[in-house]
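Q: I would like the atomic coordinates for the input below:
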Amino acid sequence: MDSNEAVVTAVVYDSRLPEHLRDPTTGRGVVPTSSSTAPWLMACMLDALQLEPGMRVLEIGTGTGYNAALLDVLVGAQGHVTSVEVDPQVAEQAREALARDGRRVDVITGDGAEGYAAGSPYDRVIATAAVHTVPYSWVVQTCPGGLLVVPWAPTFHPDSPLAVLTVGEDGTAEGRFGGPAHFMPLHSQRIDPSAVNQIHDQWGDGGPGCERFGVTITPEHQRVWMDDPDHQISMEDPWASTRSQ
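A: Presented below is the predicted three-dimensional model:
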């Protein structure tokens, strides 16, 4: 296997599949729940964070703890990293591994969608799970001027783009997409595979690159747009506003 690929680190059986149809030998009925991010993508996201020594960072999705360890190195002795992991067993394994390596990371077992208010405010927030809606708690827990780096589920673009958002003084967050950045979904934001297939069918082999799109997050709503924040796209048919361009 290419060492630059993502590695699945935890799996469970799909509860929707009857037990007699499950087969661990072939992998039938087994679904991944945690993975180690591909090194090239990890580097891309760390670069997008624009980290500086002394920063406070919130990571959503601890996994093996490797990315959290890199964050700890980058923010230095005066900075601090908090990482939230929904799976108690995965969280404990990461906690032990980080402690053995001398990393000063607080691993919190909990729902990443809630962030971790007790450790806020953060200068940076990074998610290692894809969302279709940015939890507003992440925005609230980020300092004005801070950045959020968030992988997006393929709900409007098949390339699973990466959002880099800046938090404003008014409590909004806005930014553009790059990508691709394929991740497992946030535990509470799983999407129907048929909806993903529909996006791929709508897009076909063409369509604008994900870098032309952006998103604006407010306490009341979330708007995905193309080229300009005033040009909101239809989430039911994201191709509709681009076919004539």
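
Q: who does T166 bridge with?
A: L147, E174 (DSSP bridges).

Q: again but with T109, I slipped
A: Assigned bridge partners for T109, using DSSP bridges, are E85.

Q: what about H221, how many residues close to it?
A: Residues lying near H221 (other C-beta atoms under 10 Å) number 8. Glycine gets a C-beta too; all of them are placed from N, C-alpha and C.

Q: Find me the pLDDT at it, would you?
A: Note for H221: predicted pLDDT of 94.

Q: Pull up the gap between it and T133, please.
A: Separation of H221 from T133 (C-beta to C-beta, to the nearest Å) stands at 10 Å.

Q: How about P180?
A: 19 Å.

Q: got it, and V139?
A: 12 Å.

Q: In a strand, A118, correct?
A: No. Remark: A118 does not belong to a strand; assigned using DSSP: H, G, I helix; E, B strand; the rest coil, it is helix.

Q: picking that back up, now do the shared contacts for H221 and T133.
A: Counting by C-beta atoms under 8 Å, 6 or more residues apart in numbering, H221 and T133 have no common neighbour.

Q: how about the strands of the protein, start to end?
A: 7-13, 30-36, 56-60, 80-85, 105-109, 122-127, 142-151, 162-167, 173-178, 213-217, 222-226 (DSSP state E).

Q: Out of the ones you listed, which is closest to M184?
A: Across the strands of the chain, M184 has its closest neighbour in strand 30-36 (6.3 Å, C-beta to C-beta).

Q: what's the average pLDDT for that closest one?
A: Rounded mean pLDDT across strand 30-36 is 49.

Q: re earlier: if you count surrounding residues, which of V139 and T133 has more?
A: Counting neighbours by other C-beta under 10 Å for V139 and for T133 shows that V139 has the greater number, 21 against 15.

Q: Before we move on, what's the pLDDT of the residue nearest to the more buried one when sequence neighbours are not counted?
A: Leaving aside its sequence neighbours, V139 sits nearest to A173 (C-beta to C-beta, 6 or more residues apart in numbering; 4.7 Å). Predicted confidence (pLDDT) at A173: the value is 98.

Q: Could you do G145 as well?
A: pLDDT, G145: 98.

Q: That one: what's it in contact with?
A: Counted by C-beta under 8 Å, 6+ apart, G145 has contacts 166-167.

Q: What's the separation between it and P121?
A: Counting by C-beta to C-beta - G145 and P121 are separated by 11 Å.

Q: ditto for N197
A: N197 is 40 Å from P121, by C-beta to C-beta.

Q: Repeat that for A173.
A: 13 Å.

Q: And A129, by the same measure?
A: In terms of C-beta to C-beta, A129 sits 22 Å off from P121.

Q: again, but for T128
A: Taking C-beta to C-beta, one finds T128 at 21 Å from P121.

Q: With C210 instead?
A: For C210, the distance to P121 - C-beta to C-beta - is 29 Å.

Q: the more surrounded of those two?
A: C210 (23 against 14).

Q: ok, now which ones touch the residue nearest to that one when sequence neighbours are not counted?
A: The spatial neighbour of C210 that comes closest, neighbours along the chain excluded (C-beta to C-beta, 6+ apart), is P161 at 3.7 Å. Shown in contact with P161 (C-beta under 8 Å, 6+ apart): 151-152, 177-181, 210-211, 213.

Q: one more time with 10 Å, if that's ok
A: 130, 150-154, 176-182, 209-211, 213-215, 224 (C-beta atoms under 10 Å, 6 or more residues apart in numbering).
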